[in-house]
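Q: structure of the sequence below:
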Amino acid sequence: MFKLTDFNYYNKTVFFRADLNSPVEDGKITSDARFKAVLPTIMYLLEHGAKIVIGTHQGRPYDKEFATTEEHAKILSSLLGQEVEYVEDIFGRYARERIKALNPGEIVILENLRFVSEEIKNASFEECENTFFVKKLSPLIDYFVNDAFAAAHRSSPSLIGFARLKPMIAGFLMEKEIKALKRAYESDETPKVYVLGGAKVDDSLKVAENVLKSGKADLILTGGLVGHIFTLAKGYDLGDANIEFMHKKGLLDLVDWAEKILDEFYPYVKTPIDFAVDYKGERVEVDLLSEEKAFFDEYPILDIGSRTIEKYSELLRRVSVIVANGPMGVFEREEFAKGTVGVFRAIGESKAFSIVGGGHSIASIYEYDIKGISHVSTGGGAMLNFFAGKKLPVIEALKISYNKFKDKV
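A: Numbers count the residues shown, from 1 in each chain. I've put the predicted structure just below:
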């Protein structure tokens, strides 16, 4: 694939696809982690005289995080120390005229790309190329730089639509992400441990199945809702309140799949031995085999317990490669962040090559100032898909574009 340093950008118009989709509270973005992650690429393009058109999405239609990119422009302006102009348009006449008028070293950010219905669908190269979005903007751009690793598992027009029309180039973040993930996945170093937590149970089961069958993992540690499902699959009762919650989330249908994984790889999938529940607003820890497990009938499990944290931490300090995705519990509440912080700190203290990914994971790492992790990935879903052995559309698009345009470098 093309690297950023392969081309001369002076006076060239670059469509820069980033993933600046960020957590929002009370209408305000609460983390600038993804903004900071793409700064090296933007600064390189600026230093080399590019005219930059940034495209990103924010949230999904009708959810609380669906918003314009006006605040994104302000955050980028502050971080870069120069104006990033918010263009309240995507491919209409106003956007096209503004792009045509750009001077070297200027930056605009288009409106939230998901305001366009074409952007919502995952589509083929042909379908993406035939969208109004691509047809209207492709004549105006010279290069397509993609740093949106967090969306690399998607195939919408802004992510792959220009790949066969213009040279598609990996930004510094994209290149760094791919290199780190390949190192972890393809490494012959052992032991290799995967820590699977969070709420993306379906994706995590795919990862567990793939890495165990392919010999890419020696051990899997589970937490969050992933840990709940594997615990149920082992035959333990997590109580009426928690089973009802998982039923409402549609997760109980995945227990049979987890059982099949355990049937084939039982000793290599570890589950929590104790949990923390919310008892009248306080953290109370309950051993899975104790009489107190009756708490599970009435009170929600929101974290792994101290004995599990200690057991997992001891294992993590003795391995060579660690891949972790998703928190161990509801870390947003300080009293239930103990599991996530404890496990991530153990990863940071380990001498292993380590990757931690997922939006919530990143937030907890920065919030609790956890150091020592080799690579903090900006992508949760993309990372899970990669380790599940799936081809990521954006990475495939980078390869296709390279093969088409390599003679022009």
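
Q: measure the closest residue to Lys293 other than its chain neighbours to Leu232 for me?
A: Residue nearest to Lys293 in three dimensions, not counting chain neighbours: Val286, with 5.8 Å by CB to CB, 6 or more residues apart in numbering. Where C-beta positions appear, they are placed from N, C-alpha and C, glycine not excepted. Distance, Val286 to Leu232, by CB to CB, to the nearest Å: 16 Å.

Q: CA atoms of stretch 364-379 as PDB?
A: Only the C-alpha atoms of stretch 364-379 are listed here, as PDB (Å, rounded to 0.1, in the frame of the first residue of the first chain):
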ATOM      1  CA  SER A 364     -10.200   4.400  30.700                       C
ATOM      2  CA  ILE A 365      -6.500   4.300  29.800                       C
ATOM      3  CA  TYR A 366      -6.400   8.100  29.500                       C
ATOM      4  CA  GLU A 367      -8.700   8.800  32.400                       C
ATOM      5  CA  TYR A 368      -6.600   6.700  34.800                       C
ATOM      6  CA  ASP A 369      -3.200   7.600  33.300                       C
ATOM      7  CA  ILE A 370      -2.200   4.000  32.600                       C
ATOM      8  CA  LYS A 371       1.300   3.700  31.200                       C
ATOM      9  CA  GLY A 372       3.400   1.000  29.500                       C
ATOM     10  CA  ILE A 373       0.900  -0.400  26.900                       C
ATOM     11  CA  SER A 374       2.800  -0.900  23.600                       C
ATOM     12  CA  HIS A 375       0.000   0.200  21.300                       C
ATOM     13  CA  VAL A 376      -3.400   1.800  22.100                       C
ATOM     14  CA  SER A 377      -5.600   1.200  19.100                       C
ATOM     15  CA  THR A 378      -8.200   3.700  18.100                       C
ATOM     16  CA  GLY A 379     -10.500   1.000  16.700                       C
END
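
Q: how about that stretch: buried residues?
A: For stretch 364-379, the neighbour count (16 or more other CB atoms under 10 Å) marks 364-365, 367, 370, 373-379 as buried.

Q: how about CSV for those residues, with distance to Leu181 and secondary structure added?
A: Listed next are the buried residues of stretch 364-379 as CSV, based on distance: CB to CB, whole Å; DSSP: H, G, I helix; E, B strand; the rest coil:
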residue, distance to Leu181, secondary structure
Ser364, 20, helix
Ile365, 17, helix
Glu367, 24, helix
Ile370, 20, coil
Ile373, 14, coil
Ser374, 12, coil
His375, 8, strand
Val376, 12, strand
Ser377, 7, coil
Thr378, 11, coil
Gly379, 9, coil
